[in-house]
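K.L.:
what shape does this take:
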Amino acid sequence: MARCWTRSEEEVEEERCADGGPSHFRQHKAFWVGLSALLLLVVVALGLVVPLRLSQPPSQLLQVVRISAPDPAGAPLNQSAVVDQQNDLVTFSVTSPANQTSTVLFDVKHGWICYKPANQESCFLQEMEQSDYDNVNSLFQDPSLQRHFQLPANRTQRQTEFLGVLTGARVNTSSLEEPLRALCRGGPVHWTRKADGPSKQRLVYFCIDICFPSNICVSVCFYYLPE
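P.N.:
Numbers count the residues shown, from 1 in each chain. Presented below is the predicted three-dimensional model:
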């Protein structure tokens, strides 16, 4: 009986060794401990990277592009465009040869163009058309867009658009998005309507020249319609 018991104990020991036994268990435990530590490191790394990304100042999310071109009379025209790709906004600052700066805001997301002429309290609002989207998209297409464009006079396409100002139809500024309200600073905002041009009895009061990297310059000219 003793020999049978001893043999059975050896068989049990062999079965334990065949199943892996304590050494096999320790290997599995070491594997899971290592994996848990690796996952913990990944979580900690993500916890450091995400707040760093969110804490970047807004200036790092914007891009400033300079565009130089001659105006229709040949005088130098300098402008800058602040491109906010995150909010689909482009803000042009256009400096005339007389050293007066007008601001034009393209709100691509909502389909508006807002003009703030130099030395005026009023803003003028226009609904974007397909040609406007095509022109401003040249500033969004390449994320590594160069910082300065010098448009050659002999290869630049020039266009003229006329906007009739509806003096009796003011925009409810509370319905505008924040970038447009900030630009107009509480001043009156007038609707405009694109037209073929003013009649002989109507005078063009001012124009704003806007140039795009696609070698297109648009002279937007304003005149007042009767109320």
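K.L.:
which residues in the protein form strands?
P.N.:
Assigned by DSSP state E, the chain shows strands spanning 63-70, 76-84, 89-95, 101-107, 112-116, 123-127, 148-150, 157-170, 189-195, 206-212, 216-225.
K.L.:
partners of the third one, with directions?
P.N.:
Using DSSP bridges, strand 89-95 pairs in its sheet with strand 76-84 (antiparallel), strand 101-107 (antiparallel).
K.L.:
also the first one?
P.N.:
Its sheet considered, strand 63-70 pairs with strand 76-84 (antiparallel), strand 148-150 (parallel) by DSSP bridges.
K.L.:
which one is Gln85 nearest to, not counting chain neighbours?
P.N.:
Phe140 (6.2 Å; C-beta to C-beta, 6 or more residues apart in numbering). C-beta coordinates here come from the backbone N, C-alpha and C atoms, glycine included.
K.L.:
Leu62 and Asn99, how far apart?
P.N.:
25 Å (C-beta to C-beta, to the nearest Å).
K.L.:
those two - which one has more neighbours?
P.N.:
Leu62 (15 against 8; other C-beta atoms under 10 Å).
K.L.:
who's in contact with the more buried one?
P.N.:
If you count contacts by C-beta atoms under 8 Å, 6 or more residues apart in numbering, Leu62 has them with Val82, Val83, Asp84.
K.L.:
out of those residues, who's the most crowded?
P.N.:
Val83 (20 neighbours).
K.L.:
show me what it bridges to in the sheet.
P.N.:
Here Val83 sits in beta bridges with Gln63, Val90, going by DSSP bridges.
K.L.:
check Ala195 and give its pLDDT.
P.N.:
Per-residue pLDDT puts Ala195 at 81.
K.L.:
ok, Val104 - contacts?
P.N.:
For Val104, the contacting residues are Thr91, Phe92, Val94, Ile113, Cys114, Tyr115, Lys116, Ile208, Ile210, Val220, by C-beta under 8 Å, 6+ apart.
K.L.:
what's the most distant pair in the residues you listed?
P.N.:
Greatest spatial distance in the contacts of Val104: Thr91 and Val220, 15.3 Å, computed using C-beta to C-beta.
K.L.:
so those two - more neighbours on which side?
P.N.:
Each of Thr91 and Val220 has its neighbours counted (other C-beta under 10 Å); Val220 has more, 23 against 20.
K.L.:
check contacts around that one.
P.N.:
Per C-beta under 8 Å, 6+ apart, neighbours of Val220: Val104, Tyr115, Glu161, Leu163, Cys207, Ile208, Asp209, Ile210.
K.L.:
rebuild the residues you listed as CSV, extending it with pLDDT and distance to Glu127.
P.N.:
Formatted as CSV, the contacts of Val220 follow (pLDDT from 0 to 100; distance: C-beta to C-beta, whole Å):
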residue, pLDDT, distance to Glu127
Val104, 97, 14
Tyr115, 97, 13
Glu161, 92, 13
Leu163, 92, 11
Cys207, 91, 20
Ile208, 92, 17
Asp209, 91, 21
Ile210, 94, 16
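K.L.:
which of these tops the neighbour count?
P.N.:
Most neighbours among the contacts of Val220, by other C-beta under 10 Å: Tyr115, with 27 neighbours.
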